[in-house]
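Asker: Here is my input; please provide its structure:
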Amino acid sequence: MWNKDSLIKELEKLPDNVIYNADVLRNLYKEKKINYSLETLKKYFHSIYTALEIAGKKFRKQKISKSDIIEDLNKLPKNEIYYGAIIDYYHTKGLICGSDTIKKRFGTVKNAFEIVGLKYKRTQSTKKWTKTEIIKKAKEIYLKNDKFSKSYIDILSSQGKFCSTRYIRKKFGSLENLETEANIKFSRKKCKNEHDAYIWYQNLTNHNLIPQYYLKPYFIDWFDEDENIGFEFDESQHDNPTHKENDEKREKSIMKISNLKGIIRIKEKDFFLSKEQLKIFIFNEIKQINKEVLIKNGIK
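Answerer: Alright, predicted model coming up:
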C-alpha cells in the first residue's frame, strides 16, 4: 500500500543521471521498471514534479507544442461529443493537456478540436432552478448511482442537465446544506479501499483502466478497456438485501445501455482476506464472461 514516504523512497532509487518528465516515468511504468503509476504520484503529491523535487531528482517540465496537442487529440475517440468535464477527465488520465494550455496555443478549445475533426460543445444549464427542483433532481441522481459527487454535478451541468455547483452554493449556501435538505450523502473523495483495489488490479494485469467510468446515467468504479469488462467494488453496505436488489437492477440497466461484456463485483472483505484467492476469482470470472460471449455469438 502506497503512501508519501514509500513513494519517495522508490523515487530515490531512480538513477541520478537522468532528467525526468512525465513521458520518462510513463515508459518506465509500461516497461515494469517501476511499480507506481503517474496517477498514484498525482494522488499523493498532486504533481509528479513535486514528488521528483522532494526525491532530489532532476526534472524538466515539458513544454507542450501545438503539434503535441494535435497528436494527443487525434488519439481520442471520434464518436464522442466533448465538453468541459469530459476534457478534464481525459486530462486527469494524462491523455491530453488541460483546457488552459489548449486555449493558450489555439485561442479556444473549440479551434483545436475542430482542426482534428472532434465535436466540441460548450454547454451549461441556463435554467433558473428552484430549491425544490434541485432537491428533487439531487435525490433522483443519488438513487440512480448510489453516489453523488461534485465531479458528477459538473458533468451534468456541462451537458445542460443540472445546475452548477456554484449555483447550488448560491441557493443553499453550501453543498453540505443541499446534502442535509435532500437527505443524501456526497461522495467527497473516492473510497480509499476502492482506490487500493484499483491500483492492485492495475498492477496485476497492466491493462488500460478507466476509473469512475461514465455510462450515462451511471458510473462504474472502473472499466478494463483490454477486456471490455466493468468492475464494481462493494463495501460492506452492499451485503444488505435491499442494496443487493438495487445493485442487480442497476447492473441489468448498465448492461442494456452499454456494450460491456460483463461486470465483475469485488467484495471489500475478499480484497483484505486473500488477494491470491481474489486473483483466482477475477481471472475465473473473466474467463466465464468471455466464454458466455462466445456462446452467445454461436462460437464453441
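
Asker: May I have the residues that are in contact with residue 121?
Answerer: By C-beta atoms under 8 Å, 6 or more residues apart in numbering, residue 121 lies in contact with 81, 82, 83. (Glycine included, C-beta is placed from N, CA and C.)

Asker: Around the residue nearest to the second one when sequence neighbours are not counted, how many other residues sit close by?
Answerer: So that's residue 82. Closest residue to residue 82 apart from its sequence neighbours, by C-beta to C-beta, 6 or more residues apart in numbering: residue 120 at 5.0 Å. Neighbour count for residue 120, taken as other C-beta atoms under 10 Å: 18.

Asker: Residue 283 too?
Answerer: 12.

Asker: And the contacts of residue 121, which of them are buried?
Answerer: 82, 83 (16 or more other C-beta atoms under 10 Å).

Asker: any chance of the contacts of residue 121 in JSON lines, with secondary structure, pLDDT and distance to residue 241 too?
Answerer: Shown next, in JSON lines, are those (DSSP: H, G, I helix; E, B strand; the rest coil; pLDDT from 0 to 100; distance: C-beta to C-beta, whole Å):
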{"residue": "81", "secondary structure": "strand", "pLDDT": "73", "distance to residue 241": "39"}
{"residue": "82", "secondary structure": "strand", "pLDDT": "79", "distance to residue 241": "41"}
{"residue": "83", "secondary structure": "coil", "pLDDT": "72", "distance to residue 241": "39"}
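
Asker: Flag the shaky bits of the stretch 1-150 of the chain, pLDDT-wise.
Answerer: For the stretch 1-150 of the chain, the stretches flagged by pLDDT under 70 are 1, 62, 85, 88-89, 91-94, 122-126, 145-148.

Asker: show me where it has helices.
Answerer: 4-12, 22-30, 38-45, 48-54, 66-73, 84-92, 99-106, 109-115, 131-145, 150-158 (DSSP state H, counting those that start in this stretch).

Asker: Which strands or helices does the longest helix along the chain pack on?
Answerer: If you go by DSSP state H, the chain has its longest helix at helix 275-296. For helix 275-296, the packing partners by 3 or more C-beta pairs under 8 Å, 6 or more residues apart in numbering; DSSP states H and E come out as helix 192-205, strand 262-267, helix 268-273.

Asker: Let me know the angle separating it from strand 262-267.
Answerer: Interaxial angle, helix 275-296 versus strand 262-267 (axes from the mean of the first three to the mean of the last three C-alpha atoms, to 10 degrees): 160 degrees.

Asker: contacts for helix 275-296?
Answerer: With C-beta under 8 Å, 6+ apart as the criterion, helix 275-296 contacts 200, 201, 204, 227, 229, 261, 262, 264, 266, 270, 271, 300.

Asker: Please pick the buried ones from these.
Answerer: Buried among the contacts of helix 275-296 (16+ other C-beta under 10 Å): 200, 201, 227, 229, 261, 262, 264, 266, 270, 271.
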